[in-house]
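Undergrad: build me a model from this:
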Amino acid sequence: VKGLVTTVAELKKIGSSTLFSNFVTQDDKNSEVMTYKLWQGGLGLPEREYYFKTDSATVNIRTEYLKYMTWVLTMSGQDSAAAATAAKNILSLETKMAQASRKLADLRDPYANYNKMAVADLGKMNANIDWANFLNLTGVKGIDSIIVGQPEFFKALDNVLKTVPLSDWKSYVK
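TA: Numbers count the residues shown, from 1 in each chain. I've put the predicted structure just below:
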């Protein structure tokens, strides 16, 4: 997991939303101050409902997404059978993250999405990420607090990091 998080930190430098989103923005409670935010993310489809809706259009989108991931993994050198299996595993992994993600309507509540935490307390929310190392690797220095939009997402991500096989994470990152 440590190696995965290190890789994710390197990808964050080029704008990846792998695992979750992180960014600098104005503090919602003090517009004169810039703050660092952690936000749910890590999904390949636009938002959580794409993983759960059962209408024909959404089912088709998931089917095409699986084909796309299979194609990308095949183009990266995997044989087509292994790529198809990896794509299914990635979709399963992303579905677990989507289950922990807030619905769009819930993301509109500025009070529920403002959870200021001390950097030192981030490990209580997600112990599998070495937050001090992650922040250092991504170039975030000199801050004592972070706004966490959806703490329950990061708590659930902690469990997903522990339970999903490393081979699936490697395919996801690829």
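
Undergrad: for this protein, give the strand that spans the most residues.
TA: strand 30-40 (DSSP state E).

Undergrad: now the host helix or strand of L93: buried residues?
TA: Taking DSSP states H and E as the criterion, L93 maps to helix 80-100. Burial within helix 80-100, assessed by neighbour count using 16 or more other C-beta atoms under 10 Å, is assigned to 83-87, 89-91, 93-98, 100. Placement of C-beta: from N, CA and C, glycine included.

Undergrad: show me which of those residues is closest to K162.
TA: Among the buried residues of helix 80-100, K96 lies closest to K162 (C-beta to C-beta), at 11.5 Å.

Undergrad: that closest one contacts L161, doesn't it?
TA: No - the criterion here is C-beta atoms under 8 Å, and K96 misses it with L161 at 10.4 Å.

Undergrad: so which helix or strand takes in I146?
TA: Under the assignment here (DSSP H and E), I146 is part of strand 145-148.

Undergrad: what pairs with that strand, parallel or antiparallel?
TA: Its sheet considered, strand 145-148 pairs with strand 30-40 (parallel), strand 116-118 (antiparallel) by DSSP bridges.

Undergrad: report all helices and strands that whichever helix or strand comes after the longest one contacts.
TA: Past strand 30-40, further along toward the C-terminus, the next helix or strand under DSSP H and E is helix 56-75. Under the contact criterion of 3 or more C-beta pairs under 8 Å, 6 or more residues apart in numbering; DSSP states H and E, the helices and strands touching helix 56-75 comprise helix 80-100.

Undergrad: what helices and strands are in contact with the helix it packs on?
TA: Applying 3+ C-beta pairs under 8 Å, 6+ apart, we find helix 80-100 packed against helix 56-75, helix 151-163, helix 166-173.

Undergrad: mind pulling the model confidence for G42?
TA: Reading off the confidence values, G42 has pLDDT 96.

Undergrad: quick one: the residue sitting furthest away from the middle of the chain from N89, how far?
TA: Distance to the chain centre peaks in the chain at E32, reaching 28.2 Å (criterion: C-alpha atoms, centre = their mean). From E32 across to N89, the span is 46 Å (C-beta to C-beta, to the nearest Å).

Undergrad: which residues touch A112?
TA: Residues in contact with A112 (C-beta atoms under 8 Å, 6 or more residues apart in numbering) are 102, 106.

Undergrad: now the longest strand of the chain against helix 80-100, angle please.
TA: Counting by axes from the mean of the first three to the mean of the last three C-alpha atoms, to 10 degrees, strand 30-40 lies at 130 degrees to helix 80-100.
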